[in-house]
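Chemist: got a predicted structure here, sequence first:
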Amino acid sequence: MEKEIRDIVIIGAGPSGSVAAGYLEKMDTSVLVIEKQKFPRFSIGESLIPRCMDNFEEAGFLNILKTKGFQKKFGARFIKKEMVAEFDFSKKFGEGWDWTWQVPRAEFDKVLTDDLISRGIDIRFETEVISITYKNELWTIKTINSQAEEAEIKCKFIIDSSGNGRVLAKELDLEAPPKIYDHSSIFTHIEETSRPVGIEGEQITFEVLDTETWFWYIPFSNGNSSLGFVGPNIWFEQFDGDPEENFRNMLMKTDYYNGRFDEYPFKFKPVRFNNISRNVKYIHGKGFALTGNSAEFLDPVFSSGVAFATESGLLAAKLAYRELQGEKIDWKSEYSDFIRKGVEVFSTYVKEWYTGRLQDIFFHPSPSPKIKSQICSVLAGYVWDPKNPFVRNHKKAIENLHEIIHKELEI
């Protein structure tokens, strides 16, 4: 069995782990990335938000990503019956990026890992963690690869970016009740050969079927489009055929998109994820930090997943590096409290979406441009801006605004 010593081991090579590795490569740190799957591989989380761009830039990926021609995303559209709400990131409150990308994750994630490899980062694909122990301030990680070769790696710090693999959450019994209950999703891709020209065939759109159920349309620059539904588990129970038949029947429930995709075969059998929300008791401990979906996942309605993945991956890498340099790190205030502050903002928006209050605000016929810009900033991922009242007092701001709207409707 091969035995090695590294400063930091990152579990998972998705955007969270890749951003962490990209930052640490710039700091000339001894890093190993362990990835269970072979890339390219399919992954959900295809719509980014502008906050991601800051993180890609700091990790050294922005220039290579700009050359790949991914579909640019300048905002988002929400449709409910005859009502339409559009958010333009260039009109958001405060500073920050006003565009990002919509990406087929198999290709996108491989761009990141290929760049890391070219920069000298050791990434071991098709390698699974089989045991983890912590003793005398050192982790011992045992792995096995697809050729049945075993290895033992000792390190001072683990960044767990394993996503749905949730390696440390399972190993250390960190699983906790999710913030959003009983929601599932189903999705597939099509090759949209007759896609409309212009914004209609470029812009991400969410069509609301009912208060808790919605459909997504995400077009990519390669001609493929991602289609998916999210809703309460009970909504899915009305469909009892095979996945493809079920998905076709779900498409018939839409208004705006009904019939548009009838002629297209699915590129793969629709995939169902049950109970999509995830949570943990805590996101850091002695010698480790959880990032991205390894820690928490809320809901895909506002495309926050990759933003929190890259934000937490980058911050964990920065703090771990400083700690290894001998600096005393207050992980609670500098990591856990910071990340959870942003999560709590998005949690409020997700919860209020499903109560219907945020939908009432989105679809108000005459929204205040100032308020809309402040909400748009949240949707862009800038959820740590204390100058924005819809960040600073997120719960109260939405409640107060909805109360005003409700009184208007009564009049």
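Modeler: Structure's in. What do you need? All figures in this text were calculated on a predicted structure; none of them were measured in a lab. Numbers count the residues shown, from 1 in each chain.
Chemist: just give me the neighbour total for F74.
Modeler: Using other Cβ atoms under 10 Å, F74 is surrounded by 16 other residues. Quick note: C-beta positions are derived from backbone N, CA and C, even for glycine.
Chemist: V103 now?
Modeler: 27.
Chemist: how about Y264?
Modeler: Neighbours around Y264, by other Cβ under 10 Å: 16.
Chemist: who's the spatially closest residue to it that is not a sequence neighbour bridged to?
Modeler: Counting by Cβ to Cβ, 6 or more residues apart in numbering, I190 is the residue found nearest to Y264 once chain neighbours are left out, at 4.0 Å. I190 has the following beta-bridge partners by DSSP bridges: S225, F266.
Chemist: give me every residue that touches I190.
Modeler: N224, S225, L227, F261, Y264, P265, F266, K267 (Cβ atoms under 8 Å, 6 or more residues apart in numbering).
Chemist: the same query, at a cut-off of 10 Å, please.
Modeler: G223, N224, S225, S226, L227, F261, E263, Y264, P265, F266, K267 (Cβ atoms under 10 Å, 6 or more residues apart in numbering).
Chemist: and for I159?
Modeler: I159 touches 8-12, 16-17, 20-21, 24, 31, 33, 168, 288-292, 294, 312-313, 316-317, 319-320, counting by Cβ under 10 Å, 6+ apart.
Chemist: what about it, which SS state?
Modeler: Assigned with DSSP: H, G, I helix; E, B strand; the rest coil, I159 falls in the strand class.
Chemist: wait, L116 sits on K26?
Modeler: No. Look at L116 against K26 with Cβ atoms under 10 Å: they stay out of range, at 11.1 Å.
Chemist: between those two, which one's more packed in?
Modeler: Taking neighbours as other Cβ under 10 Å, L116 and K26 compare with L116 leading, 24 against 14.
Chemist: the more buried one and V31: what is the separation?
Modeler: Noted for L116: a distance of 9 Å to V31, by Cβ to Cβ, to the nearest Å.
Chemist: equivalent analysis for I361, please.
Modeler: Using Cβ to Cβ, we find I361 at a distance of 44 Å from V31.
Chemist: looking only at neighbour counts, state which of the two leads.
Modeler: Taking neighbours as other Cβ under 10 Å, I361 and V31 compare with V31 leading, 26 against 20.
Chemist: and the next helix or strand past the helix or strand containing I375?
Modeler: Using DSSP states H and E, I375 falls within helix 369-379. Using DSSP H and E, the helix or strand that follows helix 369-379 towards the C-terminus is helix 389-392.
Chemist: and the contacts of the helix or strand following that following helix?
Modeler: Under the assignment DSSP H and E, the closest C-terminal helix or strand after helix 389-392 is helix 394-410. Outside helix 394-410, the residues within contact range by Cβ under 10 Å, 6+ apart are 344-349, 351-353, 355-361, 363-368, 371, 374-375, 378, 383, 388-391, 393.
Chemist: one more pass at 8 Å, please.
Modeler: 344-345, 348-349, 352, 357-358, 360-361, 364, 371, 378, 389-390.
Chemist: related to what we said a few turns ago, need the residues that contact the helix holding I375.
Modeler: Contacts of helix 369-379 (Cβ under 8 Å, 6+ apart): 49, 75-76, 87-89, 91-94, 96, 302, 345-346, 349, 361, 385, 388-391, 394, 401.
Chemist: so which pair among the contacts of I190 is furthest apart in space?
Modeler: The largest separation in these, counting by Cβ to Cβ, is between S226 and E263 at 17.3 Å.
Chemist: circling back: which neighbours do L116 and V31 have in common?
Modeler: With Cβ under 8 Å, 6+ apart as the test, L116 and V31 both reach A21, E25.
Chemist: coming back round to it: for the residue nearest to Y264, give its distance to L319.
Modeler: From I190 to L319 the distance is 42 Å (Cβ to Cβ).
Chemist: pull out the buried residues from the helix or strand D115 falls within.
Modeler: Assigned by DSSP H and E, D115 belongs to helix 105-118. Buried positions in helix 105-118, judged by neighbour count with 16 or more other Cβ atoms under 10 Å: R105, F108, D109, V111, L112, T113, D115, L116.
Chemist: for the last one, what are its contacts?
Modeler: For L116, the residues meeting the contact criterion (Cβ under 8 Å, 6+ apart) are A13, S18, A21, G22, E25, V33, I123.
Chemist: can you check the third one too?
Modeler: Applying Cβ under 8 Å, 6+ apart, one finds that D109 lies in contact with A13, G14, P15, S18, F39, P40, R41, S43.
Chemist: give the closest residue to the fourth one in space, chain neighbours not counted.
Modeler: Read it as S18. That would be L112: by Cβ to Cβ, 6+ apart, it lies 4.0 Å from S18.
Chemist: hang on, that neighbour packs against S16?
Modeler: No. L112 is not in contact with S16 according to Cβ atoms under 8 Å; the separation is 10.4 Å.
Chemist: which outside residues touch the helix or strand that contains L65?
Modeler: Assigned by DSSP H and E, L65 belongs to helix 62-66. Defining contact as Cβ under 8 Å, 6+ apart, one finds that helix 62-66 is touched by M53, F56, W101, F108, V111, D115.
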